[in-house]
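A.B. asks: generate coordinates for the sequence data below:
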Amino acid sequence: MRSFISVLLLTLHLGLFGQEPANLPEKGICAHRGATENHPENTIPAFEEASRLGAQMIEFDVQLTKDGYLVVIHDDTVDRTTNGSGLVESMTLADIKKLDAGSWKSEKFKETRIPTLKEALQVMPTNVWLNVHLKGRQELGKKVAEQIIESGRQFQAIIACGKKAARGVMSVDSTLRICNMERTSSRKIYVQETIQMGYGHIQLKKSREHEQLSKDVKDLKSNGVSINYFDANTVEEMRFLFASGIDFILTDKLALLLEAYSMEETSK
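C.D. replies: The predicted structure is shown next:
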């Protein structure tokens, strides 16, 4: 009986019955591909370090292998971040799991492996947002949605993807949060389409019409759209973006921005 009650409480905590924890942050700093300054990107050590440092959101990338498994890696090829070579979509999971994904960053991370999505979700805390960036289309969207639900992480997942992948996500569960990543020729059109399509999240980029940021933020917020921003790596940028109404800032300087953000929140 005690075992059953423990499992039931864990299930409720993970949100499998649609209950969203009240302690998810309203804004904060997002660890871009984990804590990447001193850890290899998109790996378990990088995610664990981001959690230890206190990130409010953790961003990571997901792709499909040749045999249909979900793996966490950014590039189309494994060349930059492993000791191997080749397209992710042309490799099996067994191929992927043979690769060293840590030595390129530091010898102490030798033999670090590319994680599957399931493995990554298992080490994520339940009190932060998960910014799950899909690098693929409809099949990927469908499989990622299924894995997020199976892992009980739908209450904290924001699935960042284009239209085709979004269709796959919504075919599984239309209530899952989607961040519109269908880039357009201008930020104005990107903002308009995000609002028109009814998406709850958007990810703005530094390179797009910075002088229009205040207007874009106003339009998005008036339509209930939460705003992520890629990227900022200085305290000055962070302050400006939060003052402008940005909700979450993706950064590669996680420790620096988290310390500054914490100090400013404490002083309020």
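A.B. asks: list the residues that contact Val128.
C.D. replies: By Cβ atoms under 8 Å, 6 or more residues apart in numbering, the residues touching Val128 are Leu24, Pro25, Ser51, Ala55, Gln56, Met57, Ile58, Gln156. Bear in mind the C-beta positions are built from the backbone N, C-alpha and C, glycine included.
A.B. asks: out of these, which are buried?
C.D. replies: Buried members of the contacts of Val128, scored by 16 or more other Cβ atoms under 10 Å, are Ser51, Ala55, Gln56, Met57, Ile58, Gln156.
A.B. asks: the residue lying closest to Val78 once chain neighbours are set aside and Trp104, how far apart?
C.D. replies: What sits nearest to Val78 in space, not counting adjacent residues and going by Cβ to Cβ, 6 or more residues apart in numbering, is Gly84, at 4.7 Å. Using Cβ to Cβ, to the nearest Å, Gly84 is found at 11 Å from Trp104.
A.B. asks: hey, where'd the strands end up in this protein?
C.D. replies: 28-32, 57-64, 70-72, 129-134, 157-161, 177-180, 201-205, 226-230, 248-251 (DSSP state E).
A.B. asks: need those strands in TSV (columns: mean pLDDT).
C.D. replies: Formatted as TSV, those follow (pLDDT from 0 to 100):
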stretch	mean pLDDT
strand 28-32	98
strand 57-64	98
strand 70-72	99
strand 129-134	98
strand 157-161	98
strand 177-180	98
strand 201-205	96
strand 226-230	98
strand 248-251	98
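A.B. asks: a markdown table for those strands, including distance to Gln212?
C.D. replies: Output for the strands of the chain, formatted as a markdown table (distance: least, Cβ to Cβ, whole Å):
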| stretch | distance to Gln212 |
| --- | --- |
| strand 28-32 | 22 |
| strand 57-64 | 24 |
| strand 70-72 | 33 |
| strand 129-134 | 23 |
| strand 157-161 | 22 |
| strand 177-180 | 17 |
| strand 201-205 | 10 |
| strand 226-230 | 13 |
| strand 248-251 | 18 |
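A.B. asks: looking at those, which is closest to Lys143?
C.D. replies: Of all the strands of the chain, it is strand 70-72 that lies closest to Lys143, at 5.8 Å by Cβ to Cβ.
A.B. asks: now for the closest one, which elements pack on it?
C.D. replies: With contacts taken as 3 or more Cβ pairs under 8 Å, 6 or more residues apart in numbering; DSSP states H and E, strand 70-72 sits against strand 57-64, helix 117-123, helix 138-150.
A.B. asks: which of those is buried the deepest?
C.D. replies: Comparing the helices and strands packed on strand 70-72 on average neighbours per residue, with mean count of other Cβ atoms under 10 Å, the densest one is strand 57-64 at a mean of 24.
A.B. asks: which residues touch Met124?
C.D. replies: Phe47, Ser51, Ile58, Leu130, Arg153.
A.B. asks: in these, find the pair that's most separated.
C.D. replies: Based on Cβ to Cβ, the longest span within the contacts of Met124 runs between Ser51 and Arg153 and measures 14.0 Å.
A.B. asks: can you show me the helices along the protein?
C.D. replies: For the chain, the helices defined by DSSP state H cover 2-13, 44-53, 93-97, 117-123, 138-150, 163-172, 187-197, 213-222, 235-244, 254-266.
A.B. asks: of all these, which lies closest to Asn38?
C.D. replies: Across these, the minimum distance to Asn38, taken as Cβ to Cβ, is reached by helix 44-53, at 7.5 Å.
A.B. asks: do you know the pLDDT at the residue nearest to Val78?
C.D. replies: With respect to pLDDT, Gly84 has a value of 98.
A.B. asks: what about it, distance to Gln122?
C.D. replies: Note on Gly84: its distance to Gln122, by Cβ to Cβ, is 24 Å.
A.B. asks: same question, Gly198
C.D. replies: 32 Å.
A.B. asks: pick the one among the contacts of Val128 closest to Gln147.
C.D. replies: Distances from Gln147 to those, taken as Cβ to Cβ, are shortest for Gln156 (13.8 Å).
A.B. asks: okay, the buried ones among the contacts of Val128 in CSV with distance to Ser185 next?
C.D. replies: Converted to CSV, these look like this (distance: Cβ to Cβ, whole Å):
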residue, distance to Ser185
Ser51, 38
Ala55, 32
Gln56, 32
Met57, 28
Ile58, 30
Gln156, 33
